[in-house]
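Asks: Sharing a model that was predicted from the sequence below.
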Amino acid sequence: MKARRSNGDGAIDKVKRTRKDGTIVECWRGRVSVGDDPRTGKPRRVAVYASTRSELATKIAKVKTDALLGIIPSTDRITVRGFMERWLVDVAAARVRATTLELYHGMVRTHILPAIGSKRLAALTGQDVQGVLSVMQRAGKSERTRTLVLVLLRAALDQAMQWNLVPRNVARTVDRPRQVRKEIQPLTVEQAQVFLRIASSRRFAALYELAILVGLRRGELLGLQWNDVDFDAGTLSIVRSIVTLHGKPIVAETKTAAGRRRVHLPRRTVRALKEQQARLFSLGLRASPWVFPNENGEPMNPRNLIRRSFEPILAEAMNVEKEAGRAFPRIRFHDLRHTSATISMNLLIPPKVVQERLGHASIGVTMDTYSHVSASIQREAAERIDAAFAADG
């Protein structure tokens, strides 16, 4: 039975619907125009159902009001899996670096699709998103990994809103996982000297000089070319990075815009770089543009640097110190950068200079990361003030 319709509405009629439990019920159905589909340009209508004619009129009025506010109910049967796969190809691939895109694919494949991939996108709730994070937490995933998944979902669902696939971003109703600050484990000056002494006879001795005394990132170190080095001025330009994509090294931009920088080098580091150049010449790699290449003169795989160079040096340093009755921490490669920053700040080098040398995007990043140094600096500041006013004491 069809009823008269209001202006702009489709047919209103009584229909039979099958519930999830298999029972068949009669209800009223109306179709409402909610504008054009932004992807196809075709008119878009949604079906509204109610048990009574008056209830249907109320629901239709609400749909119209929501449509004017830009809240469009989805008519798509698209699943989270279908949407995420499209978003990765059409949107993320154009916005992020190849290595970040590889990370996104891994997070979607490993954490998102197994939990909610089959769910209809329009039916996704904040509770579903929270469930993804809860499953990850029970599996022992770190706060950082869980936060990355949430950030990814927020970005993807923002796009779903722009495409009018969902009325709101339910991922933004979920709080970020509580961040537990991991204690930085830098080497002391004495431990850094032990490490550098052992590394001095190795193939990449100059690399570790730059890591500890200048604070370069692993990818930045491997991305150095000889035309980045100015021996006369004693400076180094950081303009690229080597990262791993699908297991192979590729040339990429620096981590941030601030990562492109020029730094002045300690004299001992300049000497180490000259020795590195002579070492490469003796190995027949004079034609290689890379400061720290592999055996073929090509970019070094970052993972191979860790396995073949860093870990053996670390193991020897730990053994040497153990035999001397002293402890040597089992650090990560990135802790060499933390060592550089911590030593610099303990030497009361201005934080702004430390930030510029490290290539941090802002001084806030530097101060937040190395807040553990501030207590000793505060004490030193108080002692200097005392000394300055000692004559009046």
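Replies: Structure's in. What do you need?

Asks: Specify the local secondary structure of the residue lying closest to Ala257 once chain neighbours are set aside.
Replies: The shortest distance from Ala257 to any non-neighbouring residue, by CB to CB, 6 or more residues apart in numbering, is to Ala361 (7.4 Å). To be clear about C-beta, it is placed using only N, CA and C from the backbone, and glycine gets the same treatment. Using DSSP: H, G, I helix; E, B strand; the rest coil, the secondary structure recorded for Ala361 is coil.

Asks: Would you mind identifying the next helix or strand past the lengthiest helix in the chain?
Replies: What stands out as the longest helix in the chain, according to DSSP state H, is helix 143-162. Note on helix 143-162: by DSSP states H and E, the next helix or strand toward the C-terminus is helix 189-199.

Asks: Give the buried residues for that following helix.
Replies: The neighbour-count check on helix 189-199 (16 or more other CB atoms under 10 Å) flags Gln191, Ala192, Val194, Phe195, Leu196, Ile198, Ala199 as buried.

Asks: list the helices and strands it packs on?
Replies: helix 205-213, helix 311-323, helix 334-346 (3 or more CB pairs under 8 Å, 6 or more residues apart in numbering; DSSP states H and E).

Asks: and the angle from the first one to helix 334-346?
Replies: Yep, that's helix 205-213 we're talking about. Compare the direction of helix 205-213 with that of helix 334-346 by axes from the mean of the first three to the mean of the last three CA atoms, to 10 degrees and you get 50 degrees.

Asks: what residues does helix 205-213 touch?
Replies: Outside of helix 205-213, the residues within contact range by CB atoms under 8 Å, 6 or more residues apart in numbering are 187, 192, 195-196, 199, 202, 216, 218, 221, 224, 236, 265-266, 268-269, 272-273, 275-276, 291-292, 305, 309, 313, 333, 336-337, 339-340.

Asks: Just the CA coordinates for it, please, in PDB.
Replies: In PDB, the C-alpha atoms belonging to helix 205-213 read as follows (Å, rounded to 0.1, in the frame of the first residue of the first chain):
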ATOM      1  CA  ALA A 205      85.000   4.000  13.100                       C
ATOM      2  CA  ALA A 206      84.000   7.500  11.800                       C
ATOM      3  CA  LEU A 207      80.300   6.500  11.800                       C
ATOM      4  CA  TYR A 208      80.400   6.000  15.500                       C
ATOM      5  CA  GLU A 209      82.300   9.200  16.000                       C
ATOM      6  CA  LEU A 210      79.500  11.000  14.300                       C
ATOM      7  CA  ALA A 211      76.800   9.100  16.200                       C
ATOM      8  CA  ILE A 212      78.200   9.900  19.600                       C
ATOM      9  CA  LEU A 213      79.900  13.200  19.200                       C
END
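
Asks: Give me the distance from the helix or strand that comes right after that helix to the chain's centre.
Replies: Next helix or strand after helix 205-213 toward the C-terminus (DSSP H and E): helix 218-222. The chain centroid and the centroid of helix 218-222 are separated by 18 Å, computed with CA atoms, centre = their mean, to the nearest Å.

Asks: in helix 218-222, what counts as buried?
Replies: For helix 218-222, by 16+ other CB under 10 Å, it's Arg218, Gly219, Glu220, Leu221, Leu222.

Asks: Against Met300, how distant is the last one?
Replies: If I follow you right, that is Leu222. Leu222 is 5 Å from Met300, where distance means CB to CB, to the nearest Å.

Asks: shared neighbours of those two, which are they?
Replies: Residues touching both Leu222 and Met300 (CB under 8 Å, 6+ apart) are Ile242, Pro249, Trp290, Phe292.

Asks: circling back: nearest to Arg77, of the buried residues of helix 218-222?
Replies: Gly219 (43.0 Å; CB to CB).

Asks: Doesn't Val32 lie inside a helix?
Replies: No. Checked against three-state DSSP, Val32 lies outside a helix; its state is strand.

Asks: pLDDT (mean, whole number) over stretch 294-313?
Replies: Model confidence over stretch 294-313 averages 96 on the pLDDT scale.
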